[in-house]
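Colleague: predicted model and sequence below, questions to follow.
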Amino acid sequence: MSEALSSYLLFSCAMFAVGLVGVLLRRNLVAMLIGVELMLNAVLINLVAFARFTDGQPGIGQVFALFIIGVAAAEAAVGLSIVLAVHKARGAISVDALEELKG
Amino acid sequence: MVDLAFGFLIVVSLAGAVMAVALKKVFHNLIGFGLAILGSAGVTVILGAEFVALMQLLIFLGGIAIAMVFAVMMSTPREQDEEDRSPGRVLGAVGIGSGFMVVVGFLMLSGVFPAAGPQDDALFSAQHLGLLLLSDYALPFEAISLLLLAAILGSVIVARRSREDDDLPTEGVEGV
Amino acid sequence: MSTESATLKAYAAHPRTPEYAPLRFGTLTPALEQAPEDGTYYLNMGPQHPSMHGVLRLLLRLDGEKVVECEPVIGYSHRAHEKMAERGIFAQFLPNPSRMDYLGGMIYNVGYCQAVERAFSIEVPERAVVLRTLCCELNRISSHLLWFGTFLLDLGAFTPFLLAFQDREKILDILDSASGSRLTYCYANFGGLALDVPEDFAERTRQYIKEQRAAFHTYHELVTGNVIFRQRCEGVGIITQDTILSYGMTGPNARASGIAYDVRKAEPYGFYPEVEFDVPTRDEGDCLARYFVRFEEMEQSLRIVEQCLDRLPEGPVGPKKPLVRVKPKPGEYYHCVESPRGQFGMFIVADKDPEPWRIKARTPSFSNLSAMAEMLEGTMVADTIAILGSIDIVMPEIDR
Amino acid sequence: MTALLDTLEGTLGGWGTTLLVGFVALAGLITVNAMFMVWFERKVAGWVQGRLGPMEHGPQGTLQTLLDVVKLLGKESIIPAQVDRKVFLLAPVVAFLPALAMLSLLPYDNNLTMTDVESGLLLVFAFGGVSLMGIFMGAWSSNNKFALLGGMRAVSQNIAYELPLLLSAMAVVLCAGSLNLGEIVAAQTGENGLWFIVMQPVALGIYLIAATAETNRAPFDIPEAESELVAGFHTEYTGMGFAVFFLAEYTYMFIVCGIGATLFLGGGDGPLLPGPVWFILKVYFLLFLMVMARWTYPRLRFDQLMNLAWKFLIPLSLINLLATAAVLKFVEVGS
């Protein structure tokens, strides 16, 4: 099982789907951020799995996995500071507090 | 043995992911998120990418999860459970998610990838990765560091601006 | 108040009962139920808290770690000492003053005796005067040593606490050998002392003074030069002279802000006019200044003790038969002494009865605590503890 | 002993035996270390304060800790009504479990590591973050303002001090050329190997300060500052919950000092005595320093703590790292 590419792909696909559901379902900004991080994490596993099991230089997959981690960190930093700013301004951390951003 | 560990890790991380999405209190979501990351870091280790797994632990768990917990603590506990959970919303979200899963899963499984079998472990070492980052991928590496710098500056500015309008006494207390 | 009982009415009509003052303390309590809208929150520190020096309760409104508002709530150890005085003759109140301020018990005990003696012109033999002064100064050192220990404990250092207690133990032993009690003394009585000191008293005290001077050196090496201690104290909790004057703060707290008021110099009593000592002052008014002032005071107290020992006359220490029933002269009398925390005053209103008509104690910690609430605004929680520790309050003395 | 191992291997198989033996060894190490440390700390405190310390039970009071453990085990575990029960109960476990993993990574001798990971040093720090989650869970679920304040302080402090900790360790990694703990030791013990304390005294200083802060020990014990926050994040814990937090704290002290001994003092390197003994001796020497600091210094204020990390330790460790890299480059060019 752990020697087959497909099992990793299915695993990461499932995790991505769960993250997607999280983003769609939740209204809380932090919970939505968690969903996004889950999706990024799924992609990361996917990349490493491809690096392991397919032709080509295996370093590439890992390097890009590392880049994803970097992007995730940056995204979390900005996202959380926005959450804090929203909380300061609106007193809540729900997307509903940002209604007026709709055009 | 490895299969057993793999199965266990998959169960742990998917359970964590579901917790992270389905539970109502954000703090519980975060615990689930931590579980999911721990599990998937284990999966990454099984894939042979030790260094990536480490970074997953250090940054996802040590950095992001902690920062999120911090954000949760800043908000009052009362506002954390007033959320719209109507069956329509739940069904819609789960429907889209499972639809995605089916379509992409099918595509992935039916795809033909140039298989190479498990690769040489030396190509997965931290040393090899370091060399790659500083030679072939030096430009993306720099771009990422630029992105991180921009993100940090941006978040500092966003967080700062919201602090300016509080009128509480600040004299005599040094900024933290 | 339609259902007011006859007893209560009679009580309210009695001339001794003052009008009810509007309750200043405790008005914030209902707000504890609900967090304020502006992101601040209430933190209820005490009355059961490791560093509230007994049973003080501080109601803090915090913004993060910053104190926005502070309300001390007192009264948890109120025992109606002043009322008790009215129910007995003057001598029956003798054990009470040392229970008000259990750290400066000797000074309170002596202070009450001196107040009564001064009011009703009772003679005190010279030996008793010197011994009283001596014991009071020893008591002052023991109080300051305890303050030193607990202040450092509040700052998070545990070792100085135990060192100070070991030294304090020696003083307690000496005072124990003289008076028979270790904390709440009833050594002085009207016209003198209850007992003469044992024979080896002078020798033991001299030995102690030598040891204490060496111990001060240790304290300075361990604490005074420490960077963290300096950072925690320097510039923290500055009390301005205006605050001191408006709240009537006295004692080392006032002297640390440059007000050189000491009852022992300003209104000399006992043996103090005869001995040489300085009144240490500082101008900074922060925690560090209060620390230094108290340290120098301990050294001055050692000086006074030495001089008292040198000039201790022979003779009786009190009247042959204990003076139980003093003969009151009607009138109002006030006598104050310098307690380890500041001016302790005894206001006595006497009529012809053998019981006091009213006794009011002016206790220094009450003023000191009132001023503290003002200083705390804008500081951090850790500073609250440091400032509270540096002010040196004794709760039973506030509540009485 | 070998016969026992053989029997075990017969019934459980290779993996099972390794797991079981490792687990028993680690559990033993954790318990013995905690018991010894509590006793040691009390004795050192007694010595510093001019008193005897525990003397009643056993020679020199050595059984005192054992009796304390029995007392804690016998105590009722009070769970306050308003806590988040599941998280409340889970928190001490989450705080404690990473310690097992971290202990298994330490090189007790040149070839004596339970898990030899390529980037062992980083993994130790990564698990540190997991244990922080445990502290935070305890603080949040207690539903107590003191605990919450303690938790906030713990997290800000740990984030701030993780950086100098990692940066000072990285200077050593530059010298050794490896992230593997065994190889770092090997780099110090070879023919002309020098203990890195000689090359990196500044890094050692930074490491010790940051490690003390990471383990929430005095003078950096502001998350549980008893004079301000009663007991910080474990205010509401009684009996076993408290004991597990306590155990975790002492185990983390052992771990950071073990890493310190590995990075700077040559691990199990030393004459005459066998390697593990040397390793333990060095660890307890560092622990002795931490204990002495606790009984000597007052506690810092929260903002002073942050200033120390961000304005002093991090720049200093960055400069140290840069200087190390430059010197290494020059040496390389020169030779």
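Modeller: That came through, no problem. Residues are numbered from 1 along each chain as shown, chains lettered A, B, ... in the order given.
Colleague: how close does D:A176 get to D:A186?
Modeller: Relative to D:A186, D:A176 is positioned 8 Å away (criterion: C-beta to C-beta, to the nearest Å). For every residue, glycine as well, the C-beta is placed using N, CA and C.
Colleague: show me where the stretch 251-400 of chain C has strands.
Modeller: Counting by DSSP state E, counting those that start in this stretch, the stretch 251-400 of chain C has strands at residues C:331-339, C:342-350, C:358-362.
Colleague: ok, which of those comes nearest chain D?
Modeller: Taking C-beta to the nearest C-beta, strand C:342-350 is the member of the strands of the stretch 251-400 of chain C nearest to chain D, at 24.1 Å.
Colleague: and that closest one, average pLDDT?
Modeller: If you average the pLDDT over strand C:342-350, you get 89.
Colleague: which bits of chain B sit near chain D?
Modeller: By C-beta under 8 Å from any C-beta of the partner chain, the residues of chain B that approach chain D are B:1, B:25, B:27-28, B:31, B:34, B:38, B:50-51, B:54, B:57-58, B:61-63, B:65-66, B:69-70, B:72-73, B:125-126, B:173-176.
Colleague: and these, which of them are buried?
Modeller: For those, burial is judged from neighbour counts taken by 16 or more other C-beta atoms under 10 Å in any protein chain shown, and it is met by B:25, B:27-28, B:31, B:34, B:38, B:50-51, B:54, B:57-58, B:61-63, B:65-66, B:69-70, B:72-73, B:125-126, B:173.
Colleague: where's C:I209 relative to chain D, distance?
Modeller: 20 Å (C-beta to the nearest C-beta, to the nearest Å).
Colleague: I figured that residue was touching C:R303, is that so?
Modeller: No - the pair C:I209 / C:R303 is not scored as a contact, 9.3 Å apart, by C-beta atoms under 8 Å.
Colleague: can you give me the helices for chain A?
Modeller: Read by DSSP state H, chain A holds these helices, from start to end of the chain: A:5-25, A:29-53, A:58-90.
Colleague: now swap in chain B and tell me
Modeller: Here chain B has its helices, by DSSP H, at B:2-22, B:26-46, B:50-55, B:66-74, B:87-110, B:126-134, B:138-164.
Colleague: center of chain C, which residue is that?
Modeller: Residue closest to the average C-alpha location in chain C (C-alpha atoms, centre = their mean): C:R341, at 4.1 Å.
Colleague: phi first, then psi, for that residue.
Modeller: phi -110, psi 0 (degrees, to the nearest 10).
Colleague: where does B:D3 land on pLDDT?
Modeller: What the model reports for B:D3 is a pLDDT of 80.
Colleague: likewise for the one 3 residues further on?
Modeller: Confidence at B:F6, expressed as pLDDT, is 85.
Colleague: go on, B:V21?
Modeller: According to the per-residue confidence, B:V21 scores 84 in pLDDT.
Colleague: quick check: chain neighbours aside, which residue is closest to it?
Modeller: Taking C-beta to C-beta, 6 or more residues apart in numbering or on different chains, and ignoring the residues beside it in sequence, B:V21 has A:G22 as its nearest neighbour in space, at 3.7 Å.
Colleague: what's next to stretch C:94-104, contact-wise?
Modeller: C:79, C:81, C:84-85, C:105-109, C:111-113, C:139-140, C:142-143, C:146-147, C:183-186, C:189, C:339-341, C:344, C:346, C:361, C:363, C:365, C:394, C:396-397, C:400 (C-beta atoms under 8 Å, 6 or more residues apart in numbering or on different chains).
Colleague: out of those, which end up buried?
Modeller: Applying a neighbour-count criterion of 16+ other C-beta under 10 Å, the buried members of the contacts of stretch C:94-104 are C:81, C:85, C:105-109, C:111-113, C:139-140, C:142-143, C:146-147, C:184-186, C:189, C:339-341, C:344, C:346, C:361, C:363, C:365, C:394, C:396-397, C:400.
Colleague: no further queries at this time; thank you.
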